[in-house]
Structures are given as structure tokens and as C-alpha cells.
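J.: coords please:
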Amino acid sequence: MTKLIPQTVPVLGSAGFSLRPIALSDVPAWYEYLSMPHVVEHTSWNLASMDSLVPLVHWYNSDAPESAIRFAVQETSGNRLIGTVGFHTVSVAHRTAELAYDIHPAYWGRGLASACCRAATAWGFAEQHYVRIQAMALDSNAASIRVLERCQFTVEGKLRSYRMVRGEPRDFWLYASIAPT
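T.: Residues are numbered from 1 along each chain as shown. Below is the predicted model:
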């Protein structure tokens, strides 16, 4: 089975913002906020440099069957990346993927992460034909946990010492949404 190459992008239900395919030209803006300690404090991001994002963008734009898919979040009036949303850990065989998102802190508190989560999830079910979309939230990431709960993801349990975060094993909450039938 081959990867379904996105012909569409999720429609963002948040006035003044839209999604588009991520591009190499987005790397500086993306790195700008991912290099802020308070942005990545409750995530597993651990970037060594801006160059660390370049192979990710290539991966997101690959047509390999199980490559990740990521979209840039932008203000509708401009083209500058202010966040990302998409899927990694894609399984074509099982029709599953893991949702991930990040937003520049200047845009926190506006419901944008929730809008991105809803739009990407609906798109993943409708366009990629996923049957399950899951998301992991570091146990200390209260904001992301609230986003997932607002978006009707169901908590399935705590994964103890699931991922290394800056050299330390950390616990993550596993959330999932199942395709509507």
C-alpha cells in the first residue's frame, strides 16, 4: 500500500489562520520558537540547531508510504509559519497515525492549538482514511492535555518512562480518537 499524497490541506476553523504544506523556507521561523526553553519545556523536542529541522521537512514532504505529514500554520494575511500540525508514526497497514502540534507562544491562549487539532484530526479521518489517531502528552504538559480533551480525544493510559526527554525517561499520557462510523 502506498502513502496517500495529500492533495488537500485541513481546513482550519479559526478565523484569520490557515494551514498549508510545510516548506524549507519555514525552518527559520519554526526554529525561532522551538529554540525557546519555555516552548519546549513540556515536550520531547530537543533540537541541536536549526539544521535539525531540515531533514524533518524533507520527511514531511516525502512520498514514502509511512513518512510523516506536517502542515504550517499561518495567519491568513501572511505566509509566515506560526505553528505546525500533522502526523508522525504513520502506519499504512493499520491506518493509524500520531498527531503532533506546536504553536508560537505569541499565539498561545487563542484556541489555535485546539483548532489545529480538530482540523488535522477530521482531515486525517476523511482524507488519509486513518481509523485511529493518537497523541502523546508529556505528563507535565497541562496545556496539551487540555487541548486533547477539548478535542474529544480519550485518555487511554499513562505510558511510564515512554520517551527520553533531554536525557531523562519521562511519562506520557496516551490519548486517542477513533474514526467516526
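J.: need the phi and psi values for the closest residue to residue 106 other than its chain neighbours.
T.: Nearest non-adjacent residue to residue 106, counting by CB to CB, 6 or more residues apart in numbering: residue 82, 7.5 Å away. Placement of C-beta: from N, CA and C, glycine included. Phi and psi for residue 82, reported as degrees, to the nearest 10, are phi -130, psi 10.
J.: check contacts around residue 82.
T.: 17, 29, 73-75, 103-104, 106-107 (CB atoms under 8 Å, 6 or more residues apart in numbering).
J.: hmm, 10 Å instead?
T.: By CB atoms under 10 Å, 6 or more residues apart in numbering, the contact set of residue 82 is 17, 26, 29-30, 33, 72-75, 102-104, 106-107, 112.
J.: the lengthiest helix in the chain packs against which elements?
T.: Longest helix in the chain, counting residues (DSSP state H): helix 112-127. If contacts are counted by 3 or more CB pairs under 10 Å, 6 or more residues apart in numbering; DSSP states H and E, helix 112-127 sits against strand 17-21, strand 69-75, strand 81-91, strand 96-103, strand 132-138, helix 142-150, strand 168-178.
J.: try it again at 8 Å.
T.: When contacts are defined as 3 or more CB pairs under 8 Å, 6 or more residues apart in numbering; DSSP states H and E, helix 112-127 packs onto strand 17-21, strand 69-75, strand 81-91, strand 96-103, strand 132-138, helix 142-150.
J.: can you list the low-confidence ranges for this structure?
T.: 1-6 (pLDDT under 70).
J.: closest to the centroid, which residue in it?
T.: residue 100 (2.2 Å; CA atoms, centre = their mean).
J.: bridged to that one, which residues?
T.: Beta-bridge pairing of residue 100 under DSSP bridges involves residue 86.
J.: give the contact list for it.
T.: Contacts of residue 100 (CB under 8 Å, 6+ apart): 70, 84-88, 135.
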